[in-house]
Structure formats: structure tokens, C-alpha cells
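Trainee: 3D model of this:
(one chain, ligands or ions: 3)
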Amino acid sequence: MAEKITLSVIKADVGGYVGHSAMHDDLVNKARECLGKAKGKLLIDFHVTSCGDDLELIMTHQLGEGNEKVHKLAWDTFVTCTAVAKELKLYGAGQDLLADAFSGNVKGMGPGVAEMEFVERTSEPILIFMADKTSPGAWNLPLYRIFADPFTTAGLVIDPKIHDGFKFEILDVLENKSLTLACPEEMYDLLVFLGAPSRYMVSRIFRKTDNEIAATASTQKLSLIAGEYVGKDDPVMISRSQSGFPAVGEVLEGFSFPHTVAGWMRGSHHGPLMPVSFKEATPTRFDGPPRVICAGFQLANGKLIGPRDMFDDISFDETRRLANQMADYLRRHGPFEPHRLPLEEMEYTTFPKVMEKLAGRFKKMS
Ligand code: F6R
Ligand code: MG
Ligand code: MG
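Mentor: Ligands and ions are numbered 1, 2, ... in the order given. This is a model prediction of the structure:
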């Protein structure tokens, strides 16, 4: 049997420069140094990048998903980078490292993780999406469009290799349960859940005919992990593409509409998800609007050939323009919903304190 490759994307915010807007080069360089020592040993290859204030470690190896050694390498890298962030007094140094010491797997300890294991095909184009100032529910709409909507993915209609459709594994983050639904036959049931992205999030997608992994997303919700707000979960997502999966352009087409996501300022506002080039992944206006970048790679025996900056293309200019218009429109609501999130979803709130202060002033209506 052909050998399997594991692709692990593990990310954390270990300090922002300036504020929560971007990443300092020293952190990226330090992370490269840390992972560089493991190349050719634990890792086949790696690539370090950033999206906004998030440090993104992209790694290939043959140790499978959830491997303790790989997760420890990522954790130790974040700890080392936190020390650099502290030296420079970067903002929120170490903010996503919720535990004092590593305990087997970074899942549940703060960092976001998306991993998949597969036999590398003759040619294996991979797209890695990384977002800042939003949460994993942000992937629901584009993933639905890519893997279930024939108006986005022409191949669902005209390519015999994907005409049977895909299965969506969704996670109920409140009750920690998962459910798998197949498309197109269970599409309407699926949309009941996907349309509620603060609770139900796509975690994995499989090709229906042979259960081959097609996409995987990070579904850690930091606020639930920590029991209180400690930072946004700023998710990552991996999609395979071409021959038997949606084409590269079909996957990217899923992001051509800048849909409204939760996050932005103080993790408490709705805003458009704007697909941008690597260079433009620096959310500044009202700490946003939320951004997504896409790094494209060809795998060659586990080696990461790339990245290509997939949203660095004029064909996404109108998407970005619409996103900026939406940002203007939503900003004009100020502290009103639906710009501000509903009370129970805000990550910052003065509500209990204000209620306590005014408790005696509420008058019963007759
Ligand atoms: C955090 C974020 C920011 C902060 C905001 C306030 O990921 O995106 O919008 O929530 O800048 O930050 P603090 O409370 O640290 O001053
Ligand atoms: Mg931050
Ligand atoms: Mg971030």
C-alpha cells in the first residue's frame, strides 16, 4: 500500500504587532528556526506564515493526525515565539496558550488545528485557508458552496468523478456531538445546521463514493475551551482539489461572495469576510474587517511546493470592493445589532454589570 502523508496546520496568536493587526517578522523567523531543526527528521517539510496576528505552522510528515511529537513541536515553537513576543512587548504575548504545560495534543489547549492524512496522488494540489478576526463557523457558507452548490462547482454537474457528491461532518460545539449528512440528498437537512454557524460548524468533508478526505477545518472554539473570552479562534481550513475534488478555481469561487461572519472588533461584531493577498492580511479598520488568505501548494512526496498567494488576483477585486462597502454599511449601525452580535454571543460584555447597577430601577408593568 502506498504510504500516507499527513498535512498538519497548527496556528496560534502568540503576540500581535501593532495591537492585534499583524505579525512581527522576528516571530516568523523564530518559528522557521524551530521547525527547521525538525525538517528531515520529524517533518518532511514545513512552511511558516501569518494571517493578521496569527502565526501559522504548515507541516508535512508521516506520523498521522494528532501525533504527540508533531503537536509538541508546534507547542514548543509557540512557547519559544511567545518569549520573543514578550521581549518585544508585543500585544497579547502568549494569548492563545491556555495551558502552562503541554499535555499530549494541542487540541483544547488554545491553538487551532486542521489535519488530514491521505495517499498523495500523482499530482496533489492543496489549498490552505487561514482567517483572522472570525471563528470556524465562517467556513460553513463557502464549504457548502464549494462541495454542494452546483452554481459554484460546475463539476458537481458535469464531472463524473464528483457527480455523486460529498458528505459533511458537522460539529455541535455546544454539546460536543457530531453528525454526518450527505449531499445532494440531505442538502435541506444540512442547511438547517450550516445556517447556524455559531453552534454548528463543518469539521470534515469526504467524497461520497470512497470516503476519501476532501476538506478539514479547525473547529476549536477558544471561548468555549477557556470558559471565558480569551481571543478569537481565527480558523484554518485545508481543501484538496482537482481530479476527483472541486478544481482550484471552484474552491476559490466559494469565497467570491464576502459573506457576513462573526468576529471583527472585540470578537463581538458581524462583518464581511474579505479574501486578500498575503500582504493585505493586516486587519486595521475597526480591527478588521475579517480577512481570509489562501496558500496554494503542490505536494511532491510530502514536500510543499509553494506557496502561491491564491487571492492575489484581480478577479477578487470586486469581492473586496463589495466587502468594503458592506463594512461601511455595517459600521454605520454602531452599537446596534445586527452589526453588534446578539448579547449571548458577544465576547466582551458589560451587560451583567449594567443590569446589576440598574436592577433597582426596573419598574414592573401592570
Ligand atoms: C482580538 C481582537 C481585537 C480586540 C480589541 C480589544 O483578537 O481582534 O478586536 O478584541 O483590540 O483588545 P483589548 O481588550 O486587548 O484591548
Ligand atoms: Mg491578538
Ligand atoms: Mg487573530
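Trainee: burial count for the closest residue to G16 other than its chain neighbours?
Mentor: Counting by C-beta to C-beta, 6 or more residues apart in numbering, G16 lies nearest to D53, which is 3.6 Å off, once chain neighbours are set aside. For every residue, glycine as well, the C-beta is placed using N, CA and C. Residues lying near D53 (other C-beta atoms under 10 Å) number 33.
Trainee: hmm, D53 is touching D132, no?
Mentor: Yes: using C-beta atoms under 8 Å, D53 makes contact with D132 at a distance of 6.6 Å.
Trainee: hang on, the earlier thing: residues contacting the residue nearest to G16?
Mentor: By C-beta atoms under 8 Å, 6 or more residues apart in numbering, the contact set of D53 is 13, 15-17, 20-23, 91-92, 132.
Trainee: and ligand 2, which of those residues contact it?
Mentor: Subset of these in contact with ligand 2: 13, 16, 20, 92, counting by C-beta under 5 Å from the ion.
Trainee: look up phi and psi at the second one.
Mentor: For G16, the backbone dihedrals (degrees, to the nearest 10) come out as phi -100, psi 160.
Trainee: gap between it and V28?
Mentor: 13 Å (C-beta to C-beta, to the nearest Å).
Trainee: where does E347 land on pLDDT?
Mentor: Per-residue pLDDT puts E347 at 83.
Trainee: phi and psi next, for it.
Mentor: phi -90, psi -10.
Trainee: ok, now M59?
Mentor: With angles defined as degrees, to the nearest 10, M59 sits at phi -130, psi 140.
Trainee: excluding chain neighbours, what is closest to the residue in the stretch 1-150 of the chain that ligand 1 sits nearest to?
Mentor: Nearest residue of the stretch 1-150 of the chain to ligand 1 (C-beta to the nearest ligand atom) works out as H20 at 4.1 Å. Leaving aside its sequence neighbours, H20 sits nearest to D53 (C-beta to C-beta, 6+ apart; 4.8 Å).
Trainee: from ligand 2, how far out is the one you found?
Mentor: Distance, D53 to ligand 2, by C-beta to the ion, to the nearest Å: 4 Å.
Trainee: for T6, same thing?
Mentor: Counting by C-beta to the ion, the gap from T6 to ligand 2 is 28 Å.
Trainee: what pairs with the helix or strand hosting A214, and is each one parallel or antiparallel?
Mentor: Assigned by DSSP states H and E, A214 belongs to strand 213-217. Counting by DSSP bridges, the strands paired with strand 213-217 are strand 200-207 (antiparallel), strand 236-240 (antiparallel).
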